[in-house]
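J.: Fold the following for me, if possible:
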Amino acid sequence: MSGPTHEPPARFHAVQYHPAIPQNTGNIARTCVAFGARLHLIHPMKFAIDEHKVQRAGLDYWPLLDLTQHADDDAFLAWLGGRRPWLVSKHLDGVSHRFDEAAYTRGDVLIFGNENSGLPATWHDRWPDRRVHVPMPGPLHGRGNVRSLNVANTVAILLAQATLSA
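T.: Predicted coordinates:
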């Protein structure tokens, strides 16, 4: 399921952990093409990559996408090896850097959690100093807080910042 044996260098790697919403993955695919990032999908997924909703959200950019699929967590972790991961989280407990304060370098791996359950606690424990978050200042005019940003929007924010700062 993984990509070619000889991988050309990617600017950045955007990883979707067990994606659940096809439209998000399609949008993320298009964003990866725009930023020259390699998209990694960690299975299991809640849909097939060739599902109409995924393809439609990615428009006609699919042939341009640099895509690697990993059969499971272990396959992804084996690929990750000594690369530099950044876990993108909405949780601020423990060590977490603001997304615009992290020191990104070309080739870094930006890992985004599942839309419903995020990333496994064991991954947060493994890389406690490699976590970033996008601040959400809070309610406007006394209205309620937003619990989280859409993962596709967060991928765009992080790839833009990483590209600008690397």
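J.: Can you report how many residues lie near the residue lying closest to residue 150 once chain neighbours are set aside?
T.: Taking C-beta to C-beta, 6 or more residues apart in numbering, and ignoring the residues beside it in sequence, residue 150 has residue 24 as its nearest neighbour in space, at 6.9 Å. Heads up, the C-betas are built off the backbone N, CA and C, glycines and all. Residue 24: 22 surrounding residues under other C-beta atoms under 10 Å.
J.: which SSE is residue 24 in?
T.: Assignment of secondary structure by DSSP states H and E places residue 24 within helix 22-35.
J.: Beyond that helix, next helix or strand please.
T.: With DSSP H and E setting the assignment, the helix or strand that follows helix 22-35 is strand 38-42.
J.: all helices for the protein, in order.
T.: Shown for the chain, the helices assigned by DSSP state H span residues 22-35, 52-57, 73-80, 121-126, 151-165.
J.: List the buried residues for stretch 76-90?
T.: Of the residues in stretch 76-90, those with enough neighbours to count as buried (16 or more other C-beta atoms under 10 Å) are 76, 79, 80, 85, 86, 87, 88, 89.
J.: got the contact list for residue 138?
T.: Each residue near residue 138 by C-beta atoms under 8 Å, 6 or more residues apart in numbering is listed here: residue 145.
J.: related to what we said a few turns ago, close enough to count as contact, the residue nearest to residue 150 and residue 152?
T.: Yes - checked against C-beta atoms under 8 Å, the pair residue 24 and residue 152 is within contact range at 4.6 Å.
J.: least trustworthy helix or strand in the chain by mean pLDDT?
T.: Sorted by mean pLDDT, DSSP states H and E, the helices and strands of the chain end with helix 52-57, the least confident at a mean of 71.
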